[in-house]
Each structure stands twice: as C-alpha cells, then as structure tokens.
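Asks: got a sequence here, can you build the structure:
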Amino acid sequence: MIIRNGIRDAFLYLLGALFILSRVEAYVPALPSNDSTLIETSVNQSDTSRLVLQWFPGSQFSQFVSYQLAGADSTGVNMGALVHFSEQDKTNQTTDTPWIALVACDTNGTAYSLEDDVFTLARDRGAVAALLYSEWSDACIINAEYADPSTFDQVFDIFSTKTLLSAQTTENAFTNVNQTLYSQFDATRLNASLTNISNSITTGNVFPGYLFATLTTANATVSQSGTDSDPSSSGSGSSSNGNTDLAMIVLYAITGAVSVLFCIVILSPTEYDIIVPTSPRSKVSQDPTTSLIQILVSNTS
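Replies: Sure thing, here's the model as predicted:
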C-alpha cells in the first residue's frame with residue numbers, strides 16, 4: 001500500500017509539473033519608457049524607417065518608426081498582415097502566410113520564462129518582423145543584452161513606434177477591419193488568407209480582411225514590389241505629368257488668343273482708313289490703340 005501511494009504521489013507530482021511547464025510564457029525583451037533622455041539615446045527620432053498600413057478598398061496611412069534591431073538576414077523590407085501577438089500566445093500553430101507581430105512592451109506574463117522571448121516565439125510561428133508599441137508610455141526600449149548578436153539570435157527586423165500618439169494611431173487603424181476576426185494572431189485564419197496577402201505583396205493591391213503592413217528601413221537594400229517606399233509620393237507621378245501638360249496647353253491657348261487680339265488692335269485702324277479715307281478720324285493721333293478707342297466712342301455716340 002505504501003509503495004502504491006508513493007507511485008501515485010509521484011505520478012500526481014509529475015502531472016502538476018507538466019501543467020506548470022505548459023503555462024510558462026515567453027518574455028518581452030523590451031521595456032516601456034517615458035524618460036526623454038533614455039528615449040533620445042535609444043530611439044532614433046531622425047530615423048526615416050517607415051510603416052505603411054493599407055486596408056480595403058484602397059486606403060492607407062504611413063508614419064516614421066524607429067529601427068530597433070536588424071535581423072540576421074534582413075533585406076530592409078518586411079510585408080505581411082499586421083496582427084497583435086503577445087507572450088501569452090502559447091499556440092504551437094504556424095502559418096506560411098507572411099505576417100508582422102504587433103507587440104506591446106508594457107507587461108510580461110505572470111509566468112513568463114527567460115528561456116523564450118516573444119520575438120523567437122513569433123518567428124517560429126511564421127512572423128517576418130515585429131513592431132513594438134506601448135499603450136501608455138512614449139516608447140519601447142529594447143534590452144541591450146538582447147540586442148547583442150553574440151548573446152541572442154537576431155531573428156528578424158524589430159521596429160518601434162516613436163511616440164505614444166503614433167502607437168495610438170497604429171492601434172486605431174484596426175477600426176478599419178473586423179477586429180474580432182483580423183486583429184489577433186490566428187494561424188488558421190492567416191493560412192486562409194495566404195493568396196490575398198501574397199497578392200498584396202506582389203501587386204500592392206489590398207483585399208478584404210487583414211491590415212496589410214509594410215515596414216521599410218531607411219537603408220533598405222531592396223525596393224518594395226507593387227508599392228512605393230514613400231507612400232506620400234505614391235501615384236503622384238502620372239498626375240503631376242498630366243497637370244504639367246494641361247498647364248502648357250492652357251498657356252499656349254492664352255498666348256494665341258492674346259496674339260490674335262493684338263493683331264486685331266493693330267490692323268483695325270488701317271482697314272478703317274482704307275474703307276473711309278476721308279474720315280475725320282484720319283486727322284487725329286496716329287496711335288493705333290487711341291484711334292480704335294476713339295472710333296468705338298464715336299460709333300456708340
């Protein structure tokens with residue numbers, strides 16, 4: 001009986017240990033900060049790396065972000081569906097659909113593990129990049145130790161919003177899509193959107209469903225496919241050329257009209273003199289413009 005009880009207790013202990021281990025969560029290797037000095041040294045405010053968000057049927061906005069950490073195989077351009085991802089996403093499901101992890105740096109899970117970080121967790125589930133943001137603070141600061149490539153693998157490009165306002169603007173963009181379906185990481189739903197996301201990457205067109213994000217570093221080595229790296233100039237080239245051509249046509253038309261009127265002013269007095277050589281008008285000043293005015297006045301009187 002004693003042996004049986006011992007075996008039973010050992011078995012229950014093992015089950016408890018497995019349950020605890022199954023609840024261990026990854027940690028976020030970044031901290032929120034309102035310290036302007038720390039932010040100034042850690043977040044490059046002059047960084048022109050850019051986030052572009054697009055959603056159906058063709059709307060978009062962009063803002064500058066801080067390039068916090070370069071991935072080992074980075075090309076500088078990262079495109080995919082933008083979804084929230086946290087250290088509490090313990091699912092082992094993966095997806096082939098490119099996606100970007102939107103990670104809040106404000107808190108860590110109650111049972112987080114220092115063995116696993118949230119970025120590695122996201123990479124293992126198919127993420128191509130990450131964007132850090134804070135819900136309450138001005139910026140997120142990557143841990144210096146985590147940024148050291150000799151200590152941790154540089155799994156992919158990691159960016160951060162520069163201000164609380166820019167973080168809130170990014171969050172508000174989710175109001176343009178069905179947040180219940182498309183705001184959180186869901187491998188099954190992402191897999192179902194593989195065709196649409198892939199087409200967005202190659203053509204720049206967006207489809208119903210996810211927010212489509214493009215994160216581009218300031219020193220990107222590869223240009224984007226289908227979308228301009230500077231959305232403020234996207235689509236403006238043909239419009240500018242068309243406006244220039246129209247302006248030139250209008251200018252030529254005005255110039256031609258002025259030339260015709262000038263010729264009429266010059267030639268009208270001469271024709272009048274030929275038709276009526278004895279007109280009293282021939283005795284007045286020979287200035288063509290003055291003559292024409294006087295003739296018009298005399299005719300109206």
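
Asks: how about the contacts made by the residue lying closest to Pro57 once chain neighbours are set aside?
Replies: Once flanking residues are discounted, Pro57 sits nearest to Val206: 7.6 Å by CB to CB, 6 or more residues apart in numbering. No exception for glycine: its C-beta is placed from N, CA and C like everyone else's. The neighbours of Val206, taking CB atoms under 8 Å, 6 or more residues apart in numbering as the test, are Gln54, Trp55, Phe56, Pro57, Gly58, Ser200, Phe212.

Asks: please repeat the previous calculation with a cut-off of 6 Å.
Replies: Gln54, Phe56, Ser200, Phe212 (CB atoms under 6 Å, 6 or more residues apart in numbering).

Asks: surely the second one and Pro208 touch.
Replies: Just to be clear, that refers to Phe56. Yes: with contact defined as CB atoms under 6 Å, Phe56 counts as touching Pro208 (4.6 Å).

Asks: shaky segments in the protein?
Replies: 1-26, 89-90, 108-115, 221-252, 260, 262-263, 265, 267-301 (pLDDT under 70).

Asks: and if we set it to 90?
Replies: 1-29, 35-47, 72-73, 86-93, 107-117, 143-154, 219-301 (pLDDT under 90).

Asks: which of Phe56 and Pro208 has more neighbours?
Replies: Using other CB atoms under 10 Å, the more surrounded residue of Phe56 and Pro208 is Phe56, with 17 against 12.

Asks: what residues are up against the more buried one?
Replies: Here Phe56 is in contact with Val206, Phe207, Pro208 (CB under 6 Å, 6+ apart).

Asks: quick one: contacts for Gly71?
Replies: Contacts of Gly71 by CB under 6 Å, 6+ apart are Gln154, Phe156, Asp157.

Asks: phi first, then psi, for the second one.
Replies: What it means is Phe156. phi -170, psi 180 (degrees, to the nearest 10).

Asks: ok, Leu211 to Leu131 distance?
Replies: 11 Å (CB to CB, to the nearest Å).

Asks: quick one: buried residues of the helix or strand hosting Thr195?
Replies: Take DSSP states H and E as the rule and Thr195 turns out to sit in helix 194-203. Buried positions in helix 194-203, judged by neighbour count with 16 or more other CB atoms under 10 Å: Asn196, Ile197, Ser200, Ile201.

Asks: possible to save those as JSON lines with distance to Glu87?
Replies: Putting those into JSON lines (distance: CB to CB, whole Å) gives the following:
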{"residue": "Asn196", "distance to Glu87": "28"}
{"residue": "Ile197", "distance to Glu87": "24"}
{"residue": "Ser200", "distance to Glu87": "28"}
{"residue": "Ile201", "distance to Glu87": "28"}
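
Asks: out of those, which comes closest to Met79?
Replies: Distances from Met79 to those, taken as CB to CB, are shortest for Ile201 (4.9 Å).

Asks: which residues does the closest residue to that closest one other than its chain neighbours bridge with?
Replies: Residue nearest to Ile201 in three dimensions, not counting chain neighbours: Met79, with 4.9 Å by CB to CB, 6+ apart. With DSSP bridges applied, Met79 shows beta-bridge pairing to Thr214.

Asks: what's the neighbour count on Met79?
Replies: 27.

Asks: over to Glu40?
Replies: 11.

Asks: same question, Glu171
Replies: Counted with other CB under 10 Å, Glu171 comes out at 16.

Asks: that one in helix, strand or coil?
Replies: Following DSSP: H, G, I helix; E, B strand; the rest coil, Glu171 is assigned to helix.

Asks: quick one on the thing from earlier: and the residue nearest to Pro57, how far from Leu82?
Replies: For Val206, the distance to Leu82 - CB to CB - is 12 Å.
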